[in-house]
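> Take this sequence and fold it.
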Amino acid sequence: MTPTGLDSLYWHRSFGRLVDKLDAPDFWLGVARLLRDDVSFESWVALIFSPVRPPEILAESDTDDGSDEQLFRDYQQGLYLLDPFYIDACSQARSGLFRLDDVAPEQFVHTEYYQRYFHRNIVADEIQFNVVLDNERTLCLSLGSSHRFRRPAIGVLTMIQPWLLPLMRQRMHFEKARETALPGPHPWHPQSELPAPPAITALTDREREVSQLMLGGCSTKEIARRLGISVETVRAHKKHLYAKLNINSQSELFALFWQARKESAGARE
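Numbers count the residues shown, from 1 in each chain. A predicted model of the protein is given here:
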């Protein structure tokens, strides 16, 4: 987006057309197309984050081979618990424009979640518009790119933010519930009513919190800061949960987390 008169005229005309689509089924696709005029990205998804249930996906980009369907299914069935954007939205609900670097722990790219899910989704960077709807829900529009978002792109999105966030909020008056029911929370989710594997049941709530932050890429110091406890206490929790689960590495911890997702999905079918 450049400050020339013709570009400004084109922007206002395009945004006016988007406002006219506010109650249309292809509203989110219209948003993606408008943003693509100025910013390059490969994937997008509109969804609602809540600390008491899995994310509700409102609309998403489509791929020819349908691989995105399985990725989103895995995400809703438990991987969302390791998503830095989900963790951030649930811990400190806030509206605005956020980059992956704003919310991800320092060791995020070394996690099993990043290697097996995030990177598999052909994403090197992610940026997200957040709108806090109420005490429990945050509406999000996420853009994924195979390249890092550069400053010009971030500048454009920052300029668009004051127009787009209120429009996203107004869109909620026209959103209809999906016909397919949301999956139940992952067994490690505090609100889950599904029977968890015996090993997981043995963990305390605090040990589950520590394990999820570990899997999300948080260092011992970062976990201590986020939970408001000492580094020594975090180390003790890690030692106890490893002993209870009879494991010795984060790879084994992720394997148990993934197995719990598969077992919970089977229990619902």
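> Report the helix or strand with the lowest average pLDDT across this protein.
For the chain, using mean pLDDT, DSSP states H and E, the weakest element among its helices and strands is helix 198-201, scoring a mean of 67.
> For residue 1, report the pLDDT, please.
Here, the pLDDT recorded for residue 1 equals 51.
> now the helix or strand harbouring residue 160, how far from the centre of its chain.
When elements are defined using DSSP states H and E, residue 160 is found to belong to helix 151-171. Helix 151-171 sits 18 Å away from the centroid of its parent chain (CA atoms, centre = their mean, to the nearest Å).
> for stretch 15-28, same thing?
Here stretch 15-28 shows a centroid-to-chain-centroid distance of 24 Å under the convention CA atoms, centre = their mean.
> Restrict that stretch to CA atoms and write it as CSV.
The C-alpha atoms that make up stretch 15-28 are tabulated as CSV, following Å, rounded to 0.1, in the frame of the first residue of the first chain:
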residue,chain,number,x,y,z
PHE,A,15,-12.7,-2.0,1.7
GLY,A,16,-16.2,-0.6,0.9
ARG,A,17,-16.9,-3.8,-1.0
LEU,A,18,-15.7,-5.9,1.9
VAL,A,19,-18.1,-4.0,4.2
ASP,A,20,-20.8,-4.9,1.8
LYS,A,21,-19.9,-8.6,2.2
LEU,A,22,-20.1,-8.4,6.0
ASP,A,23,-23.2,-10.8,6.1
ALA,A,24,-22.0,-12.9,3.2
PRO,A,25,-20.7,-16.5,3.4
ASP,A,26,-17.5,-15.5,1.6
PHE,A,27,-16.7,-12.6,3.9
TRP,A,28,-13.4,-14.2,5.2
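> For the protein, which segments count as strands?
43-50, 53-60, 96-99, 125-132, 138-145 (DSSP state E).
> okay, those in JSON lines with mean neighbour count and mean pLDDT next?
Any C-beta I mention is one placed from the backbone N, CA and C, and that applies to glycine too. Formatted as JSON lines, the entries for the strands of the chain read as follows, by neighbours: other CB atoms under 10 Å; pLDDT from 0 to 100:
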{"stretch": "strand 43-50", "mean neighbour count": "22", "mean pLDDT": "94"}
{"stretch": "strand 53-60", "mean neighbour count": "20", "mean pLDDT": "92"}
{"stretch": "strand 96-99", "mean neighbour count": "16", "mean pLDDT": "96"}
{"stretch": "strand 125-132", "mean neighbour count": "21", "mean pLDDT": "96"}
{"stretch": "strand 138-145", "mean neighbour count": "22", "mean pLDDT": "96"}
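> could I get those strands as JSON lines with distance to residue 225?
JSON lines is the format used below for those (distance: least, CB to CB, whole Å):
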{"stretch": "strand 43-50", "distance to residue 225": "22"}
{"stretch": "strand 53-60", "distance to residue 225": "25"}
{"stretch": "strand 96-99", "distance to residue 225": "19"}
{"stretch": "strand 125-132", "distance to residue 225": "22"}
{"stretch": "strand 138-145", "distance to residue 225": "22"}
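> quick one: which of these is nearest residue 81?
strand 53-60 (8.9 Å; CB to CB).
> That closest one: partners in the sheet, and parallel or antiparallel?
As defined by DSSP bridges, the strand partners of strand 53-60 come to strand 43-50 (antiparallel).
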